[in-house]
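In: Dropping a prediction and its sequence here:
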Amino acid sequence: SDGTVILDGGNQNLSGSTTFHNLSKQSAGSTLTFEANSTQTIVGDLTLKGNSTTRMNLRSSSPGTQWRIDPQGAADVSFVDVKDSRNMNGGTLTAASSMDSLNNTGWSFGASLLTWLGLSNDWSDVNNWDLGYVPLAGDAVVIASAEYHPVLSGSVTVNNITINSGATVELNGQNLTVTN
């Protein structure tokens, strides 16, 4: 009753309603599919994580029909893309640096605020960002004046951008999309 279920494969499915003591899946780029209308209860710790370059997808087996999650202990959820889910806990389940792909209830998709450090010109280098990862589409960005300014090597989308006095961003022929 004190164990942890670790889902360590690629794409996986959870069928039926289940109670777990601890549940963990850390697999960027994979999809964890929950049976529609089922409830997954986690009485201990819940860990669901993709990574800063590729989110993990959390989906219903029947698009448009919610799956339910009831995290009763500590929850560590980040870098996920969630669709068709209902958090049954009564509080808010926070998914840091994650994406709300709609039809979710009781979730908060926290964006991060990342600040440019300017150790090189490479926007895509994690060492140039204070939180140690490259900004995602939902994140806010501050470009601080630094020894090196960021140069885009591909199209970039961020939620918000602030360019401080003395700082610049070089588009290098690429698109910078700001959604807010």
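Out: Cool, got the structure. Numbers count the residues shown, from 1 in each chain.

In: hey, what's Ser78 bridged with?
Out: Note on Ser78: beta-bridge partners by DSSP bridges are Lys49, Ala96.

In: and it, how many neighbours?
Out: 20 (other CB atoms under 10 Å). Just so you know, the C-beta spots here come from the backbone N, C-alpha and C atoms, and that holds for glycine as well.

In: Distance of it relative to Ala28?
Out: Using CB to CB, to the nearest Å, Ser78 is found at 11 Å from Ala28.

In: likewise Leu171?
Out: As defined by CB to CB, Leu171 lies at a distance of 28 Å from Ala28.

In: Ok, Leu46 next?
Out: Going from Leu46 to Ala28 by CB to CB gives 17 Å.

In: who has more neighbours, these two?
Out: Neighbour totals were compared for Leu46 and Ala28, and Leu46 leads with 22 against 14 (other CB under 10 Å).

In: What distance do you get for that one to Ser24?
Out: According to CB to CB, Leu46 and Ser24 sit 8 Å apart.

In: Overlap in contacts, these two.
Out: Among the neighbours of Leu46, none is also in contact with Ser24 (CB atoms under 8 Å, 6 or more residues apart in numbering).

In: any weak-confidence spans in this protein?
Out: Along the chain, the parts satisfying pLDDT under 70 run over 1.

In: now with 80?
Out: In the predicted model, the chain carries pLDDT under 80 at residues 1-2, 52-53, 110-112, 137-138.

In: Can you show me the helices along it?
Out: Assigned by DSSP state H, the helices in the chain number zero.

In: Go ahead and confirm Met56 touches Ser30.
Out: Yes - checked against CB atoms under 8 Å, the pair Met56 and Ser30 is within contact range at 5.7 Å.

In: what's the nearest residue to Ser155 if we skip its chain neighbours?
Out: Spatial nearest neighbour of Ser155, excluding adjacent residues (CB to CB, 6 or more residues apart in numbering): Asn175 at 4.3 Å.

In: try Gly110
Out: Ala96 (4.7 Å).

In: Please report how far Val158 lies from Gly90.
Out: To Gly90, Val158 is 33 Å away according to CB to CB.

In: Settle it for me: which of those two has more neighbours?
Out: Between Val158 and Gly90, Val158 has the larger neighbour count (other CB under 10 Å), namely 19 against 7.

In: What's the separation between that one and Ser101?
Out: Relative to Ser101, and taking CB to CB, Val158 is found at 18 Å.

In: got it, and Ser120?
Out: Ser120 sits at a distance of 33 Å from Ser101 (criterion: CB to CB).
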